[in-house]
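>>> my questions concern the predicted model and sequence given below.
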Amino acid sequence: MSITTIILIVLILMLIGVLPTWSHSSNWGYGPTGGLGLVVVIVIVLLLMGRI
């Protein structure tokens, strides 16, 4: 496994963890999910372009 695969897996797990359906994040709204989702999309695009 390369380091980029590990980073991508960690980011996806963090994205699942900040969903507002969980009790610890229910009052956060969709802000953290949107921000972290944007980071995941950027990392995926960079992976597909071969930059990482």
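Okay, I see it.
>>> tell me which element the residue nearest the centre of the chain is part of?
Centroid check for the chain by CA atoms, centre = their mean gives residue 11 as the closest residue, at 3.7 Å. Per DSSP states H and E, residue 11 falls inside helix 3-17.
>>> so who does the residue nearest to the centre of the chain touch?
36, 39-40, 43 (CB atoms under 8 Å, 6 or more residues apart in numbering). Quick note: C-beta positions are derived from backbone N, CA and C, even for glycine.
>>> buried only: go through these for me.
36, 40, 43 (16 or more other CB atoms under 10 Å).
>>> which stretches of the chain aren't confidently modelled?
Within the chain, the ranges that satisfy pLDDT under 70 run 1, 20, 22, 24-26, 30, 52.
>>> mind giving me the packing neighbours of the longest helix anywhere in it?
If you go by DSSP state H, the chain has its longest helix at helix 31-49. Counting contacts by 3 or more CB pairs under 8 Å, 6 or more residues apart in numbering; DSSP states H and E, helix 31-49 packs against helix 3-17.
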